[in-house]
Each structure stands twice: as C-alpha cells, then as structure tokens.
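Engineer: could you look at this predicted model? Sequence included:
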Amino acid sequence: MTCHITFEPSGKTIEGSAGQRLWDLAIKAGVNIATVCGGIGDCGKCRVLIETGRETLDPLTSIELAHLSEEERRAGYRLACATVVPPAASHLLVRVPPQSEVSAGRLQVESVNVKVRPDPATKKYVVTLREATLEKATSLEGRLLAGLGERGLKHFGLTYSAMLNLASFDRDQNSLTCVVHDDKRVIAVEPGDTTKQCYGFAVDVGTTKLAGFLIDLATGEVEAVASTLNPQISYGEDVMSRVSYSMGGADRLSALQKGVIGGINELIRACCARSGVKPGNVYEVCLVGNTCMSHLVLGISPKSLGFSPYSPVFRNGIETEAGQLGALLQVNSAAIVSVLPNIAGFVGSDNVAAQLAVKMAEPESEKLLLMLAPSAPHLAEELWARTGRPYSIHQQAWPIYDDELAADEMVTVVVQVNGKLRDRLTVAADASEAEIRELALASERVRASLNGRDPAKAVYVPGKLLNLVV
C-alpha cells in the first residue's frame with residue numbers, strides 16, 4: 001500500500017511504502033531536517049510532529065524513548081530517523097518544527113574585487129576553414145588544425161567531444177569557433193563567432209554552505225554571485241558524519257555527490273539567469289573545499305579520512321570533463337572541471353585557494369588576513385608569516401570600519417506559492433521584481449509546486465518576499 005506523505009511547512013509531498021524511514025523520504029523530497037549523526041539515531045535532532053496518521057505508527061523505539069521527553073511523546077513528536085511508514089497508513093502529515101529545520105542563515109559572498117590580468121586556461125579562437133577539393137580531400141580535423149596553425153597555434157589535438165561537434169556541422173559552415181584548453185587541446189567547436197561568450201564558474205564547496213561565482217574569462221569580471229546551503233547537510237552536519245554515511249555503500253556515496261552537485265547547479269542557474277548567460281557557455285569550473293568535500297564532489301570515497309592516519313585518496317589537483325562526473329553539472333558537457341590540490345587529511349584545497357587569493361590581493365592582503373584571523377586563527381597566522389609580516393597577526397590593529405562598504409549587497413527573498421513557502425533565493429539587494437520572479441520560476445521547487453500552471457498574479461515585498469498566486 002502506498003502512503004501519501006506531506007511535509008509542512010514546505011508543503012512538499014512524496015509517495016512512500018511501508019518500512020521506509022521518514023528521514024529517507026524527507027531527503028528524497030528535498031526537505032532538510034537537522035541531523036548531526038547522519039540519521040543513525042545518535043543525536044536526536046530530527047524531531048518531527050506527526051499531525052495526521054499518528055495512530056497508525058509503530059510504537060516508539062528505544063532510540064526515541066531515550067531522546068524524546070514525556071511531553072514531546074504526548075504531543076506526537078517522533079524522530080524521523082527512527083520512524084517508518086506503517087503498512088496501514090494512506091496519508092501522513094508531518095510537520096518539521098523550527099528547531100529541526102536546517103536554517104539557511106546568511107553566507108557572506110561580498111569581498112574585495114582584486115584586479116588581475118586575465119590569463120584563462122580556456123580560450124576561444126575563430127578559425128576559417130580552407131575549402132576542401134578532390135585534389136586535397138583533407139579531413140575536417142586537418143582543416144581545423146590548419147586554420148589554428150595559421151594563427152600561430154600549433155600542436156593541438158581534438159577531444160572526442162570536439163570531434164562530435166565537428167561532425168554535426170553543415171558542409172558550407174566554414175567559420176568556426178574553437179574552445180581551446182591549456183593551449184593543448186580543442187574541447188569544443190561551435191559555428192560562427194562565439195568568442196564573446198566564454199565563462200567560468202568558481203565554487204567554494206563548504207561543509208554547510210556553497211558559494212558560486214560566474215566569471216567572464218575574457219575580462220576577468222565577476223558577472224554574478226550566489227550562495228545556498230550544501231544539500232549534503234541532510235546526511236550530517238559535520239565532515240565525519242558524512243564520511244561515516246558514505247561508508248554505507250555505493251548508493252550513499254552517490255547520494256552525497258548528487259546532493260552537492262545539485263546545490264552547485266542551483267548556483268549556476270541563479271548566476272546565469274541574473275547575468276543573461278547560457279549555462280552552455282560555461283567552459284571551465286573550479287572547485288575548492290576541505291579534503292572531504294573535495295572527495296565527495298568528485299564521487300571519490302572519503303573513507304580513508306575516517307581512520308588514522310587520515311590519509312586522503314588524492315593530494316594533487318584533479319581535472320576532468322563535466323560530462324564525466326557521476327552527477328552531471330549543468331554547464332557545457334565538455335567544460336573542464338578542476339579541483340585544486342589538497343594539503344593533508346583535513347587541510348584541503350580551500351586553504352590552497354586562500355593562499356592564492358592572498359598572493360593576488362597584495363597590497364590588500366593585510367586587511368584580508370586581519371579579517372580572516374578571528375574565524376581561522378591558525379590559517380591566518382600561517383599566511384601572515386609566509387608573507388613576511390612581523391609576529392603575530394593577533395597583535396595587530398583591526399581595519400577601520402566603513403559603513404558604506406558594510407551595507408548588505410545580498411538579501412534572501414522568500415518565495416511562496418499561494419502563501420506556502422516553496423524556496424528561498426539569495427539575490428542582489430538591488431535586484432528588480434522581474435529578476436526575482438525569473439529566478440523564482442527557474443527554481444525546481446517552485447516549478448514542482450506550480451505543476452505547469454502560470455501564476456495569475458504576484459505579490460512582492462521588496463527584498464523580502466515574492467508570493468505567486470495561481
């Protein structure tokens with residue numbers, strides 16, 4: 001017998017079968033319930049209130065008896081990780097109380113915009129193909145490489161993806177754009193001149209939150225910024241909980257990878273929608289994070305980090321094509337995905353990125369490090385010493401506060417459908433109603449709630465709320 005389960009206040013619904021845990025169904029439905037232990041019953045944080053169908057549930061488990069107070073039991077609270085769908089239930093209404101919700105919080109993505117001379121690994125070149133004749137029946141590949149050679153670009157090869165692109169063009173298509181990576185290989189071929197449409201996407205893959213930056217590779221300008229919760233938080237709030245969860249089998253490791261890739265895709269859609277860029281014009285993705293996150297985003301088991309001496313599977317950087325990841329990134333399938341090197345078991349590529357940022361930010365690095373010191377004292381002290389400054393960073397004067405620079409540039413807008421919460425969007429403080437509505441309609445959660453219907457009207461409270469009425 002199938003059971004219809006509704007989670008409030010999100011309004012998300014899912015079909016479940018007897019024996020399935022509410023915790024697993026909540027994750028599948030996209031409902032984030034707080035947990036530290038990764039759903040094994042140790043933390044007792046995943047409290048939910050059963051408002052309808054309570055009488056059909058199995059008796060409280062020993063885990064629930066240990067964590068729930070007498071008052072909570074009488075009120076109808078259960079632990080989502082210990083409660084299963086009963087055989088006799090046709091509908092369950094489950095309310096996730098505020099204390100069990102994963103709070104979106106606020107992630108600061110504003111920063112000093114360091115001016116650097118762009119020298120991207122991925123570039124575009126327009127090539128004019130010479131006409132083929134019976135006397136010189138050169139392959140398309142040969143004509144393309146000859147065209148690059150005429151521009152002084154030699155010793156190139158074409159990837160399989162680029163070869164598929166080339167085979168799809170009409171015979172009379174003589175002007176092509178080559179997407180070249182690392183001055184070694186052509187990773188994509190496009191008709192016409194698309195040299196002004198070449199973007200990269202950088203992501204800070206945090207344990208709790210994700211931050212994404214859309215960058216014009218030709219100019220080096222940051223086109224858009226977005227942040228969101230790391231969807232993996234449903235499987236445990238800390239690194240070791242996720243290591244433990246991933247050791248439960250290949251399906252769990254896959255779920256962790258798909259979760260974080262899904263969050264990154266959300267950032268890509270938000271940034272591209274705001275800047276008017278097609279995701280297919282993103283040809284390079286750079287990912288950084290702690291060592292565990294670096295493993296999980298690539299679908300590599302981090303189980304070696306769970307045991308002494310906590311050795312990672314890899315330390316050197318990894319480079320692959322977006323289409324080769326187990327969970328597909330919503331960028332050009334030939335895009336190069338790079339993960340920076342790790343340093344040790346618990347010192348990851350985010351540390352490497354910080355060191356690169358400090359080097360590029362001279363002379364602003366002093367202020368950057370001083371502001372980093374309270375939240376990352378050891379890292380800040382190490383970087384401070386490496387830049388040749390006197391001991392110690394924690395004995396230096398704090399930078400002068402500037403009210404204008406401290407003003408919020410990003411706000412969180414709640415999106416409702418018929419008055420029910422469906423999503424939260426992090427947008428620029430000066431984003432227009434039209435921009436916010438476009439982002440809302442691009443949200444998978446909102447689209448699922450609309451179910452193909454067009455909103456009859458929208459109620460907008462600037463910088464706070466958008467309610468779509470159908």
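Structural biologist: Done, it's in.
Engineer: quick one, what contacts the closest residue to M410 other than its chain neighbours?
Structural biologist: The shortest distance from M410 to any non-neighbouring residue, by CB to CB, 6 or more residues apart in numbering, is to T426 (5.6 Å). For glycine as for every other residue, the C-beta is placed from the backbone atoms N, C-alpha and C. Counting by CB atoms under 8 Å, 6 or more residues apart in numbering, T426 touches L107, A226, S227, T228, A270, M410, V411, T412, V413.
Engineer: so which of those residues sit within strands?
Structural biologist: Mapping the contacts of T426 onto strands (DSSP state E) picks out A226, S227, T228, M410, V411, T412, V413.
Engineer: need the phi and psi values for the closest residue in space to A89 that isn't next to it in sequence.
Structural biologist: Distance criterion CB to CB, 6+ apart; nearest residue to A89, sequence neighbours excluded, is T56 at 4.2 Å. T56 has phi and psi values of phi -90, psi -10 when expressed as degrees, to the nearest 10.
Engineer: which of the ones in strands among the contacts of T426 count as buried?
Structural biologist: A226, S227, T228, M410, V411, V413 (16 or more other CB atoms under 10 Å).
Engineer: check these and tell me the two furthest apart.
Structural biologist: Comparing all pairs in these by CB to CB, the longest separation belongs to T228 and V411, at 14.1 Å.
Engineer: which residues in the stretch 51-200 of the chain form strands?
Structural biologist: Along the stretch 51-200 of the chain, counting by DSSP state E, counting those that start in this stretch, strands occupy 77-79, 91-95, 122-128, 157-158, 175-181, 185-191, 199-205.
Engineer: my bad, should have said the stretch 301-450 of the chain
Structural biologist: Going by DSSP E, counting those that start in this stretch, the stretch 301-450 of the chain shows strands at 318-321, 336-339, 410-417, 420-428.
Engineer: what is the burial count for S168?
Structural biologist: 9 (other CB atoms under 10 Å).
Engineer: just want to check the distance between the closest residue to S392 other than its chain neighbours and T13.
Structural biologist: Using CB to CB, 6+ apart and skipping the chain neighbours, the partner closest in space to S392 is E381 (6.4 Å). Per CB to CB, to the nearest Å, E381 is found 50 Å from T13.
Engineer: check V186 too.
Structural biologist: 47 Å.
Engineer: quick one, which of these two is more surrounded?
Structural biologist: Per other CB under 10 Å, whichever of V186 and T13 has more neighbours is V186, with 27 against 14.
Engineer: I'd say that one and N165 touch.
Structural biologist: No: counting by CB atoms under 8 Å, V186 stays clear of N165, with 9.0 Å between them.
Engineer: K303 and M240 touch, don't they?
Structural biologist: No: using CB under 8 Å, K303 is not in contact with M240, being 11.2 Å away.
Engineer: the residue nearest to M410 pairs with what?
Structural biologist: T412 (DSSP bridges).
Engineer: which residues touch L92?
Structural biologist: Contacts of L92 by CB under 8 Å, 6+ apart are C3, H4, I5, T6, G16, L22, I50, T52, G53, T56, V85.
Engineer: list the contacts for the third one?
Structural biologist: Contacts for I5 were tallied using CB under 8 Å, 6+ apart; they are T13, I14, E15, G16, L22, L25, A29, V85, H91, L92, V94.
Engineer: that one in helix, strand or coil?
Structural biologist: In three-state terms, and counting by DSSP: H, G, I helix; E, B strand; the rest coil, I5 is strand.
Engineer: per-residue pLDDT, it?
Structural biologist: On pLDDT, I5 comes in at 91.
Engineer: excluding chain neighbours, give the residue nearest to it in space.
Structural biologist: L92 (4.7 Å).
Engineer: restricting to C-alpha, output stretch 144-155 in CSV.
Structural biologist: The C-alpha coordinates for stretch 144-155 follow below in CSV (Å, rounded to 0.1, in the frame of the first residue of the first chain):
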residue,chain,number,x,y,z
LEU,A,144,40.5,22.9,-38.5
LEU,A,145,44.0,22.4,-37.1
ALA,A,146,45.5,24.1,-40.2
GLY,A,147,43.3,27.1,-39.5
LEU,A,148,44.6,27.2,-36.0
GLY,A,149,48.1,26.9,-37.3
GLU,A,150,47.6,29.9,-39.5
ARG,A,151,47.0,31.9,-36.3
GLY,A,152,50.3,30.6,-34.8
LEU,A,153,48.6,28.0,-32.7
LYS,A,154,50.1,24.6,-33.2
HIS,A,155,50.5,21.1,-31.6
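Engineer: contacts for it?
Structural biologist: Contacts to stretch 144-155, defined as CB under 8 Å, 6+ apart, come from residues 125, 127-130, 138, 156, 158, 166, 176, 178, 180, 183-184, 186, 189.
Engineer: show me the shaky parts of the stretch 101-250 of the chain.
Structural biologist: Scanning the stretch 101-250 of the chain for pLDDT under 70 picks out 103-114, 132-137, 171.
Engineer: for stretch 167-176, which positions count as buried?
Structural biologist: Neighbour-count burial for stretch 167-176 [16+ other CB under 10 Å]: L176.
Engineer: cool, and stretch 120-130?
Structural biologist: P120, A121, T122, K123, K124, V127, L129.
Engineer: wait, what's in contact with the nearest residue in space to the fourth one that is not next to it in sequence?
Structural biologist: If the residues on either side of it in the chain are set aside, K123 comes closest to V180, at 5.4 Å by CB to CB, 6+ apart. Residues near V180 by CB under 8 Å, 6+ apart: T122, K123, K124, Y125, L148, L153, F156, V186, I187.
Engineer: rerun at 7 Å
Structural biologist: The contact partners of V180, by CB atoms under 7 Å, 6 or more residues apart in numbering, come to K123, Y125, F156, V186.
Engineer: please apply the same query to V243.
Structural biologist: Here V243 is in contact with C292, P302, K303, L305, G306 (CB under 7 Å, 6+ apart).
Engineer: adding distance to K196, write those residues out as TSV.
Structural biologist: Formatted as TSV, the contacts of V243 follow (distance: CB to CB, whole Å):
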residue	distance to K196
C292	38
P302	40
K303	45
L305	43
G306	47
